[in-house]
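Colleague: sharing a model that was predicted from the sequence below.
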Amino acid sequence: MTKELADRRDIDFVIWEQLECEKLLDEKFFSGFNRKTCEMIITEARKLAVKELLPTLKDADEIGVLFDNGKVNVPESFKRPHALILEGDWGNLVARTEMGGQGAPPFIAAASCEYFMGGNWALFTYASMGISTANMIQNYGTAELIDTYVKRIVSGEWGGTMLLTESGAGSDVGALESTAVKNNDGTYSLTGNKIFITNGEHDLCDNIIHPVLARIQGHESGTKGISIFIVPKYLVNEDGSLGERNDIFCTGVEEKHGIHGSATCSMSLGSKGKCTGFLLGQEKSGMRIMFDMMNESRMATGLQGLSYGAAAYALAVNYARQRIQGKDLESFFDKNAESVSIINHPDVRRNLMWMKSYVDGMRSFFYYMTTLRVKAQAAESEKHKKLWSGIFELLTPIIKEYLAVKGHDICIQAMQVFGGAGYTRDYPVEQYARDCKIASIYEGTSGIQAMDLMARKLPMEKGMVFMEFMGEIQKTIARAKETEETKNLALTLEKAVNRMGEVALRLGSIAMDGRIKPAMAHSLPFLHAMGDVIMAWMLLWRAVIAVPKIEKARKKDLCYYQGQIKTADFFINTLLHETFGKFDSIQGTCSAAIDIPDDGFGCL
């Protein structure tokens, strides 16, 4: 098994050369971090992931979690690396220092997480998932809640979750039936059942803190009447010690297609009438608070897709270098010719280039998103703060959906490089493929992300955010036009950007004309076409950086920089042309999927 997990040379290129993140380290909130310390963090993260997490990947799949009488046990092999993650504060790299976190730059945390997620995503989330829970309490909780929970969650001593989904209330959160009744002491008694709760119960920590969406008795139906509560597994005494067991229990774990090492729990609240919760924020502000956490979760899900895809690609490209099979096509009729490694075969090379172009583009896209957050935080004017935060909001559903889907597609193509061996459990690519599939489903399915993009994000500021985003791409195009090696690539991307704007306007106009359903039927294809344009942008941007460095590059770097130009060439001159066809299809706004009678789908 290759022990790369992620391409360190490429990570360094994106952070230091493409995005010039060293300049961002000058911000006062990154005091204590410089390029040397950041590089050391990534190096140590890789060592931990390869030496400690990766060896547990097989146990995660084959042993999984074991449910017994309300308790969930993880594989024994998880316990040592989990302790090392907590000991090194790896789970809280990006958490703010006032919360007990490291306050590391988010692009450095992303690089570390690429390794951890590729090594064993399920194991890493037991230590890191609670950061979102802690952020919610820090941002919306009372001083007492903050003092009681935040630092102990951030340290990993206690876990954190999110109890949102119910059997009758998935994407339609407003249909939830969980209820809360206010008690005389200001606490609330909760009753309800939740499903699909990641890390809802496990044996890696002493207490688990559950944010729970519920409706206070008497409040209106729908999302407007929803509040959010903090429900600990164990109540906490005034001195900080664990007190009485709260009335929240795991009633079972799901048997899943993948991520067997992750506890996906069904949770019962108030079955004994004694589930105590503490209101977070104001009454009926549950959805607003939850969406803050959801945006973090969608970013994390996009990184999950990237990490699986990057790890699967690393396996595939190294296997292709080592696997000897068949003669070189140019020597096919020479009976004395020796067999060659399969990386010499044209279709294998095409497949590897296909995977590489997406992995590279996805990595640049994700890290670019982390810099938007930094720029918004550091902005000296409200105008620039709105610019960077607006583009971040616009692109969040694409980060989640596009990277999740393409990450899975890369895993599937990696299996293809292995041939029949890839379909067996002799290599981890088939596990990566199964584990990765969930990323396109949870935190909002593909269609939910597309509706978010179409209905909420594209119309922001009357479309001005979308226009500013296209303007950022045009800046790269302008630079690329100045160089002979990238000029024609820039012209093709420019056509795609203009086409994207035309199609977005078309979808918006038919929606405004009352044809909302046909517009929404094409929203997911548009999201993916927009993702394609972003991939082309990121790859062209990479090429623009690489071209002037070739002349003085060392031998190893020379191949790397040449690879950047060829990858942009491949994607823009092959895959982006498919995107023009997607735009043609979308602009036609065929309404057949809406017009067909229900019985017309068949299978009656």
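Modeller: Thanks, I have it.
Colleague: where does the prediction get shaky in the stretch 1-150 of the chain?
Modeller: Within the stretch 1-150 of the chain, the stretches with pLDDT under 70 are 1-3.
Colleague: kindly report the same for the chain.
Modeller: Along the chain, segments meeting pLDDT under 70 span 1-3.
Colleague: show me where it has strands.
Modeller: Assigned by DSSP state E, the strands in the chain fall at 66-68, 71-73, 158-160, 179-182, 188-198, 207-216, 226-232, 234-236, 242-245, 248-253, 264-269, 276-279, 324-327, 339-341.
Colleague: which of these sits closest to Leu575?
Modeller: In terms of C-beta to C-beta, the element of these nearest to Leu575 is strand 339-341, at 25.2 Å. Placement of C-beta: from N, CA and C, glycine included.
Colleague: how about the closest one: buried residues?
Modeller: By 16 or more other C-beta atoms under 10 Å, the buried positions in strand 339-341 come out as Val340, Ser341.
Colleague: sorry, back to before: do you know which of the strands of the chain lies nearest Ala109?
Modeller: Across the strands of the chain, closest to Ala109 is strand 158-160 (C-beta to C-beta), at 17.0 Å.
Colleague: hmm, who's touching the closest one?
Modeller: Strand 158-160 has contacts (C-beta atoms under 8 Å, 6 or more residues apart in numbering) with 126, 129-134, 149, 152-153, 199, 202, 204-211.
Colleague: residue contacts, Lys457?
Modeller: Glu393, Leu394, Thr396, Pro397, Val465, Phe466.
Colleague: what is the neighbour count of the fourth one?
Modeller: If I follow you right, that is Pro397. 26 (other C-beta atoms under 10 Å).
Colleague: got the contact list for it?
Modeller: Arg298, Gly444, Gln449, Ala450, Asp452, Leu453, Lys457, Leu527.
Colleague: same thing but 10 Å
Modeller: Taking C-beta atoms under 10 Å, 6 or more residues apart in numbering, we find Pro397 in contact with 295, 298, 302, 444, 446, 448-454, 456-457, 523, 527, 530.
Colleague: tell me the spacing between the residue lying closest to Tyr561 once chain neighbours are set aside and Gln562.
Modeller: Spatial nearest neighbour of Tyr561, excluding adjacent residues (C-beta to C-beta, 6 or more residues apart in numbering): Ala546 at 4.0 Å. Going from Ala546 to Gln562 by C-beta to C-beta, to the nearest Å gives 8 Å.
Colleague: who's more crowded, these two?
Modeller: The neighbour comparison of Ala546 against Gln562 (other C-beta under 10 Å) goes to Ala546, with 25 against 14.
Colleague: report the separation between that one and Val533.
Modeller: Taken as C-beta to C-beta, the span from Ala546 to Val533 is 20 Å.
Colleague: do the same with Pro548
Modeller: Using C-beta to C-beta, Pro548 is found at 25 Å from Val533.
Colleague: for Thr97, same thing?
Modeller: Distance from Thr97 to Val533, by C-beta to C-beta: 38 Å.
Colleague: who has more neighbours, the two?
Modeller: Val533 (19 against 13).
Colleague: quick one, helices of the stretch 251-400 of the chain?
Modeller: For the stretch 251-400 of the chain, the helices defined by DSSP state H, counting those that start in this stretch cover 286-322, 346-378, 382-418.
Colleague: Ile85 is nearest to which of those helices?
Modeller: Nearest to Ile85, of all the helices of the stretch 251-400 of the chain, is helix 286-322, at 15.6 Å by C-beta to C-beta.
Colleague: elements contacting the closest one?
Modeller: The helices and strands touching helix 286-322, judged by 3 or more C-beta pairs under 10 Å, 6 or more residues apart in numbering; DSSP states H and E, are helix 106-128, helix 130-140, strand 207-216, strand 226-232, strand 339-341, helix 346-378, helix 382-418, helix 429-436.
Colleague: what strands flank the fourth one, and is each parallel or antiparallel?
Modeller: Yep, that's strand 226-232 we're talking about. Here strand 226-232 is paired, per DSSP bridges, with strand 207-216 (antiparallel), strand 276-279 (antiparallel).
Colleague: pull out the buried residues from the contacts of strand 158-160.
Modeller: 126, 129-134, 149, 152-153, 199, 202, 204-205, 207-211.
Colleague: let me see the contact set for the residue lying closest to Leu242 once chain neighbours are set aside.
Modeller: Excluding its sequence neighbours, the residue lying closest to Leu242 (C-beta to C-beta, 6+ apart) is Tyr234, at 4.4 Å. Counting by C-beta under 10 Å, 6+ apart, Tyr234 touches Trp158, Asp206, Asn207, Ile208, Ile209, Ser241, Leu242, Gly243, Glu244, Arg245, Asn246, Ile248.
Colleague: okay, the residues you listed in CSV with distance to Ala122 next?
Modeller: As requested, the contacts of Tyr234 are arranged in CSV below (distance: C-beta to C-beta, whole Å):
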residue, distance to Ala122
Trp158, 19
Asp206, 20
Asn207, 20
Ile208, 16
Ile209, 20
Ser241, 30
Leu242, 26
Gly243, 30
Glu244, 30
Arg245, 26
Asn246, 25
Ile248, 22
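Colleague: what's the burial count for the closest residue to Gln474 other than its chain neighbours?
Modeller: Leaving aside its sequence neighbours, Gln474 sits nearest to Val497 (C-beta to C-beta, 6+ apart; 6.9 Å). As a burial measure, Val497 scores 19 neighbours (other C-beta under 10 Å).
Colleague: ok, now how distant is Val497 from Asn488?
Modeller: Here the criterion is C-beta to C-beta. By it, Val497 lies 15 Å from Asn488.
Colleague: go on, Ala521?
Modeller: 35 Å.
Colleague: same drill for the two, tell me which one is more crowded.
Modeller: Neighbours were counted for Ala521 and for Asn488 using other C-beta under 10 Å; Ala521 has more, 19 against 14.
Colleague: tell me the contacts of the more buried one?
Modeller: Counting by C-beta under 10 Å, 6+ apart, Ala521 has contacts Gly447, Ala450, Arg515, Ile586, Thr589, Cys590, Ser591, Ala592, Ala593, Ile594.
Colleague: cross-check the contact I'm expecting between the fifth one and Pro518.
Modeller: Yes - distance between Thr589 and Pro518: 5.2 Å, which falls inside the contact criterion (C-beta atoms under 10 Å).
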